[in-house]
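1. Prediction below, plus the sequence it came from.
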Amino acid sequence: MASSSRKTPTIAQVRASTVRGKGADYHDQAGYHWIDDHIATPMSVYPEYRESRQSFGLNVLGTLVVEIEADDGTVGFAVTTAGEIGAWIVEKHLARFLEGRPVTDLERIWDQMYRSTLFYGRRGVVLNAISAVDLALYDLLGRLRGEPVYALLGGPVRDELQFYATGARPDVAKELGFIGGKMPLHHGPAEGEEGLRKNLDALADMRERVGEDFWLMWDCWMSLDVDYATRLARGAAEHGLRWIEEALIPDDYWGYAQLKRQVPPGMLVTTGEHEATRWGFRQLLETGVDIIQPDVGWCGGITELLKISALADSHGTMVVPHGSSVYSYHFVVTRTNSPFAEFLMMHETAEKVVPMFEPLLLGEPVPVNGRLRVPETPGFGVELNPDVERERPFTH
Ligand SMILES: C[C@H](O)[C@H](O)CC(=O)C(=O)O
Ligand SMILES: [Mg+2]
């Protein structure tokens, strides 16, 4: 009987480059943008940093692009927020665990990247860099096999995705066919009772515009304490707030457990975009929050997200990734405990649907009428836009 043996390609080279402005660092916007318009943050305790998140450096990192080239010349890539510091980590530290290895060594490579960086890593920019390498490897594997990443993850459990939109205009999001609208919270505890009233008035006004049944959520971007978050949630109940997101700093697991006990019945507590790895999410899941929101480009990539997701499933908790564009879509479509996805409105006034990582990627799909059939194109189905200037600050 004839037997065919196909040699698994090996990894020839890993390259890291950076991009300034927009792209995966979606907070790096020039000019007016709703995403930088007096949004409550952990820095809102300092009046001089209240107006703009860029003023305290939210856009310092910029975009990291990781490319992985196989020995047959096929290139996979991925993007995340990590900029120059991430490029250094990839070139000077992580590349050694990939070059010369078979492209199928996802688990071994992830494990070696994680263990070898424990002394300065565990989360934050190191995990962003590890995520980008992992996603680039998935992209490469998909391209080599001629299959979309979702097929590598076990295949879709639904025909198309449905989305909620994050932005300043849930009323517009409703017209565009989204299932809900998540607004930024504008005022934190340091802005006192007047700020609390303004927050609740903004919600009441939006409820008036969208009617009774449309989901409205608040993104609190780590800005509150348990007492304020509880009062805000209780005040929001009469306006039908669906969930209160990232109310507390990510390290306050005990606060999340307390908040979950104190919010009005039926209101969901969600968080996790600044959490990473199965161990971080284990702590979060033990608090009892209702939805975890890993960012696929920050939590450890797909290899780690599969573990986080299985853990969440065993807790009966939904996984609705933060942003992450195509990296989220290929995952969400394969999991029953991820029933819908987030779409971040990157249009400056949130009045139009534009690609989330614009202008960095070509072929980046966007929801139409709030829905999307994930394309069958191999890998994550996107290409780097050659017109976007990139720099390779380090080599190895
Ligand atoms: C709008 C939020 O402050 C943040 O910029 C995005 C985010 O946390 C989310 O999409 O979720
Ligand atoms: Mg959020």
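-> Perfect, thanks for sending it. What you are looking at is a predicted structure, and each value in this text was computed from that prediction instead of being measured. Ligands and ions are numbered 1, 2, ... in the order given.
2. Helix or strand next in line after the longest helix anywhere in the chain, which one?
-> Longest helix in the chain, counting residues (DSSP state H): helix 124-145. Beyond helix 124-145 on the C-terminal side, the first helix or strand identified by DSSP states H and E is helix 149-152.
3. what does the average pLDDT come to for the longest helix of the chain?
-> Per-residue pLDDT over helix 124-145 has a mean of 98.
4. by contact count, what packs against that helix?
-> strand 63-70, strand 75-81, helix 83-92, helix 106-116, helix 149-152, helix 301-314 (3 or more C-beta pairs under 8 Å, 6 or more residues apart in numbering; DSSP states H and E). The way it works is simple: take the backbone N, C-alpha and C, and place the C-beta from them, glycine included.
5. closest to G195 out of the ones you listed?
-> strand 75-81 (28.5 Å; C-beta to C-beta).
6. Now do that closest one and strand 63-70, the angle between them.
-> In terms of direction (axes from the mean of the first three to the mean of the last three C-alpha atoms, to 10 degrees), strand 75-81 departs from strand 63-70 by 160 degrees.
7. Any part of strand 75-81 near ligand 1?
-> No - for strand 75-81, no contact with ligand 1 is found by C-beta under 6 Å from any ligand atom; the gap never falls below 11.4 Å.
8. Return the distance of that strand from the chain's centre.
-> 14 Å (C-alpha atoms, centre = their mean, to the nearest Å).
9. ditto for stretch 185-196
-> For stretch 185-196, the distance to the chain centre is 26 Å (C-alpha atoms, centre = their mean).
10. Any part of it near ligand 2?
-> No - against ligand 2, stretch 185-196 shows no contacts by C-beta under 5 Å from the ion, the least distance being 10.2 Å.
11. what's near enough to touch the residue in the stretch 1-150 of the chain that ligand 2 sits nearest to?
-> Ligand 2 sits closest to I39 of the stretch 1-150 of the chain, with a gap of 10.6 Å, by C-beta to the ion. Taking C-beta atoms under 8 Å, 6 or more residues apart in numbering, we find I39 in contact with 53, 184-186, 221.
12. re earlier: rebuild the helices and strands packed on helix 124-145 as JSON lines, extending it with mean neighbour count.
-> Output for the helices and strands packed on helix 124-145, formatted as JSON lines (neighbours: other C-beta atoms under 10 Å):
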{"stretch": "strand 63-70", "mean neighbour count": "26"}
{"stretch": "strand 75-81", "mean neighbour count": "25"}
{"stretch": "helix 83-92", "mean neighbour count": "22"}
{"stretch": "helix 106-116", "mean neighbour count": "17"}
{"stretch": "helix 149-152", "mean neighbour count": "21"}
{"stretch": "helix 301-314", "mean neighbour count": "21"}
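13. who wins for proximity to T166 among the ones you listed?
-> strand 75-81 (16.0 Å).
14. which helices and strands sit right next to the closest one?
-> Packing partners of strand 75-81 (3+ C-beta pairs under 8 Å, 6+ apart): strand 63-70, helix 124-145.
15. ranges for the helices of the protein?
-> Going by DSSP H, the chain shows helices at 83-92, 106-116, 124-145, 149-152, 170-175, 192-210, 226-236, 253-262, 277-285, 301-314, 325-332.
16. So for R158, which of those sits nearest?
-> So among the helices of the chain, helix 325-332 is nearest, using C-beta to C-beta, at 9.0 Å.
17. In JSON lines: the helices and strands packed on helix 124-145, plus distance to ligand 2 and mean pLDDT.
-> Below are the helices and strands packed on helix 124-145 laid out as JSON lines (distance: least, C-beta to the ion, whole Å; pLDDT from 0 to 100):
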{"stretch": "strand 63-70", "distance to ligand 2": "19", "mean pLDDT": "98"}
{"stretch": "strand 75-81", "distance to ligand 2": "14", "mean pLDDT": "98"}
{"stretch": "helix 83-92", "distance to ligand 2": "20", "mean pLDDT": "98"}
{"stretch": "helix 106-116", "distance to ligand 2": "25", "mean pLDDT": "98"}
{"stretch": "helix 149-152", "distance to ligand 2": "24", "mean pLDDT": "98"}
{"stretch": "helix 301-314", "distance to ligand 2": "17", "mean pLDDT": "98"}
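18. can you list those in CSV and add distance to A236?
-> What follows is those, written out as CSV (distance: least, C-beta to C-beta, whole Å):
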stretch, distance to A236
strand 63-70, 35
strand 75-81, 30
helix 83-92, 36
helix 106-116, 39
helix 149-152, 36
helix 301-314, 25
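19. out of those, which comes closest to F380?
-> Using C-beta to C-beta, these put helix 149-152 closest to F380, at 5.6 Å.
20. list the contacts for P156?
-> 150, 333-334, 374.
21. Contacts only, for the one residue sitting closest to the centre of the chain.
-> Residue closest to the mean C-alpha point of the chain, counted by C-alpha atoms, centre = their mean, is D295 at 2.8 Å. By C-beta under 8 Å, 6+ apart, the contact list for D295 reads 273-274, 321-324.
22. Can you name the residues of this structure that neighbour ligand 1?
-> Near ligand 1, when you scan the chain using C-beta under 6 Å from any ligand atom, you find 35, 39, 166, 184, 219, 221, 273, 322-323, 342, 344.
23. ok so, going back, farthest-separated two in the contacts of P156?
-> T334 and V374 (9.4 Å).
24. Those two: which has the busier surroundings?
-> V374 (24 against 21; other C-beta atoms under 10 Å).
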